[in-house]
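Enquirer: Here's a sequence, model it:
(one chain, ligands or ions: 2)
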Amino acid sequence: MVQQILFLILAGGASAYAWTQFMAIRKTILLGQDEVITGDTSARWRNVLLIAFGQKKMFKRWIPAVFHLFIYVAFLFTQVELIEIFIDGVFGVHRFFASLLGGFYTLIINTIEILSVLAFVATFIFLARRNLLKVPRLVKSELNGWPKLDANLILIFEVILLVAIFSMNGADVVLQGRDPLHYHDTGFLAVSSWLGPALFGGLSDGALVLVERAGWWLHLGMVLLFLNYLPKSKHLHILLAFPNTFFARQRPRGEMENMPAIMNEVKSMMGLAEDTGAADEELPEFGANDITTLSWIDVLGAYTCTECGRCSSVCPANATGKQLSPRKIMMDIRDRADEVYTKIQSGKPEYAVDAEKPLDKTNFNDGKSLFDYITREELHACTTCNACVEACPVLINPLEPILKMRRYEILTESAGPGSWLPMFNSIENSGAAWSMTIDREEWTKA
Ligand code: SF4
Ligand code: SF4
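Expert: Ligands and ions are numbered 1, 2, ... in the order given. So this is what the prediction gives:
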């Protein structure tokens, strides 16, 4: 009974706290602007199934993909054991599914054990890749500090979780032989049936119960810790990869989002548009300079980013020593989104444009913007090649915010690199990026 009460307090409290954190993430993502979702819904579901669930794009680099798959599948299967832990915890029973499922239960636990061993190996390989082999894309400067600690912490959590699983199962196997009435027969377990007796066979009954309970509580504790850690971690992609792949834009690569205000302006200059009087209206801001002017899909992408660096490793600007790293762009957007949300939540009038009105995303100005995180030099270095978009395993589009920030700089601020001015002049005067002496109409016929 004491254990049940403790379980309910711990699991209930941790779940409630995690829920508030996930709701905060949702609100932060929705700080972005609305975007009309268009395109083929069945293609969206296909993306969810193949790319988020099936990890299809991971297999472009099959070695890390295989090890990642071990951890991912082990994670999925362990949820069965987790459901059982919750049922046992709430009702004060032991291995609820064992007697119910019989041989099928043995199959499930064996699958979990084999996958756990593979995940154990994969975890150490991932730790070695980051800390000993120092794979270039995993040791770039944007990963210094919290991102590096985050990546290592989660791998350490994984090891602790696996120790908990094998302690629990191993001690349980030995106890099944000593107290079969309470400890249901699980059948032969691929790892625990030999590891349990080898490690714990000499322990007294009391010590064995202690080890089994410690493994059980540690397993539960790690899951609840992970649940609350997730919103602060790059591992949020475990959940957000699904909505991100669903809502990923379906435009062909390279197709830029049209700006109707600019299109109408150009049309009226060319005498192609009817005069609607729009020219007299105040022009809107173009592009984006902050979280609230990006689309919510861009902000969702930032929270989905796994920080894997596949995008930066194929970026030609990054490869040629420029400051630009598409991974850093997404990490910066997430950091700025965290900052904007925290400041709005603080309710401090100093962040309001109009202190008389409630502080919200439409009435927010802290004197900062995304340009305080992302330098203009980074933005200017992008060749718009789309290699980063193609490389991303969870369909994030780092090019989109880069283009929006450039649009803001050039169209709203009328700023930008001086070296680009001749190109703009050429486009304006001859309709081409190059300085042509003949009219575009003539030029295209030549
Ligand atoms: S689109 Fe820009 S950021 Fe992406 S890979 Fe190409 S140059 Fe790099
Ligand atoms: S944007 Fe995509 S490819 Fe780049 S680091 Fe994030 S998850 Fe990896």
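Enquirer: check contacts around the residue lying closest to Phe247 once chain neighbours are set aside.
Expert: Spatial nearest neighbour of Phe247, excluding adjacent residues (CB to CB, 6 or more residues apart in numbering): Ile297 at 5.4 Å. Every residue, glycine included, has its C-beta placed from N, CA and C. Going by CB atoms under 8 Å, 6 or more residues apart in numbering, Ile297 touches 32, 35, 247-249.
Enquirer: Repeat the analysis, applying 7 Å as the threshold.
Expert: Counting by CB atoms under 7 Å, 6 or more residues apart in numbering, Ile297 touches 35, 247, 249.
Enquirer: got the residues of the stretch 201-350 of the chain near ligand 2?
Expert: Residues of the stretch 201-350 of the chain found near ligand 2 (CB under 6 Å from any ligand atom) are 305-311, 326-327, 330.
Enquirer: Which ones among those lie within helices?
Expert: 310-311, 326-327, 330 (DSSP state H).
Enquirer: and the residue of the stretch 51-200 of the chain nearest ligand 2?
Expert: Arg137 (8.5 Å; CB to the nearest ligand atom).
Enquirer: in the helix or strand Ser116 falls within, what counts as buried?
Expert: According to DSSP states H and E, Ser116 maps onto helix 103-131. Buried residues in helix 103-131, defined by neighbour count with 16 or more other CB atoms under 10 Å: 105-106, 108-120, 122-123, 125-127, 129-130.
Enquirer: hmm, which of the contacts of Ile297 are the buried ones?
Expert: Counted by 16+ other CB under 10 Å, those give 247, 249 as buried.
Enquirer: Present the contacts of Ile297 as JSON lines; the columns should include pLDDT, secondary structure and distance to ligand 1.
Expert: Shown next, in JSON lines, are those (pLDDT from 0 to 100; DSSP: H, G, I helix; E, B strand; the rest coil; distance: CB to the nearest ligand atom, whole Å):
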{"residue": "Glu35", "pLDDT": "90", "secondary structure": "coil", "distance to ligand 1": "20"}
{"residue": "Phe247", "pLDDT": "95", "secondary structure": "helix", "distance to ligand 1": "20"}
{"residue": "Arg249", "pLDDT": "91", "secondary structure": "coil", "distance to ligand 1": "14"}
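Enquirer: need the residues of the stretch 201-350 of the chain near ligand 1, please.
Expert: Counting by CB under 6 Å from any ligand atom, the stretch 201-350 of the chain sits next to ligand 1 at 315-317, 324, 326.
Enquirer: nearest to Arg376, of those residues?
Expert: Leu324 (10.9 Å; CB to CB).
Enquirer: contacting residues for the residue sitting nearest the centre point of the chain?
Expert: Taking CA atoms, centre = their mean, the centroid of the chain lies closest to Thr304, which sits 2.1 Å from it. By CB under 7 Å, 6+ apart, Thr304 lies in contact with 237, 240-241, 244, 394, 396.
Enquirer: Same list (those) but as JSON lines, adding neighbour count, secondary structure and pLDDT.
Expert: Compiled in JSON lines, the contacts of Thr304 are given as follows (neighbours: other CB atoms under 10 Å; DSSP: H, G, I helix; E, B strand; the rest coil; pLDDT from 0 to 100):
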{"residue": "His237", "neighbour count": "21", "secondary structure": "helix", "pLDDT": "92"}
{"residue": "Leu240", "neighbour count": "23", "secondary structure": "helix", "pLDDT": "96"}
{"residue": "Ala241", "neighbour count": "21", "secondary structure": "helix", "pLDDT": "95"}
{"residue": "Asn244", "neighbour count": "26", "secondary structure": "helix", "pLDDT": "97"}
{"residue": "Val394", "neighbour count": "23", "secondary structure": "coil", "pLDDT": "94"}
{"residue": "Ile396", "neighbour count": "31", "secondary structure": "coil", "pLDDT": "96"}
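Enquirer: between those residues, which is closest to ligand 1?
Expert: Ile396 (10.8 Å).
Enquirer: thinking Val174 is in contact with Leu195, fair?
Expert: No. The criterion here is CB atoms under 7 Å, and Val174 misses it with Leu195 at 10.2 Å.
Enquirer: Looking only at neighbour counts, state which of those two leads.
Expert: Comparing Val174 with Leu195 by neighbour count (other CB atoms under 10 Å), the higher total belongs to Val174, at 24 against 18.
Enquirer: before we move on, which element is the more buried one in?
Expert: helix 146-178.
Enquirer: Over to Asn258?
Expert: Applying DSSP H and E, one finds Asn258 in no helix or strand.
Enquirer: three-state assignment of the closest residue to Lys328 other than its chain neighbours?
Expert: Nearest residue to Lys328, sequence neighbours excluded (CB to CB, 6+ apart): Glu142, at 4.1 Å. Following DSSP: H, G, I helix; E, B strand; the rest coil, Glu142 is assigned to helix.
Enquirer: surely Glu142 meets Ile329?
Expert: No. Contact criterion CB under 7 Å: Glu142 and Ile329 do not qualify, at 9.5 Å.
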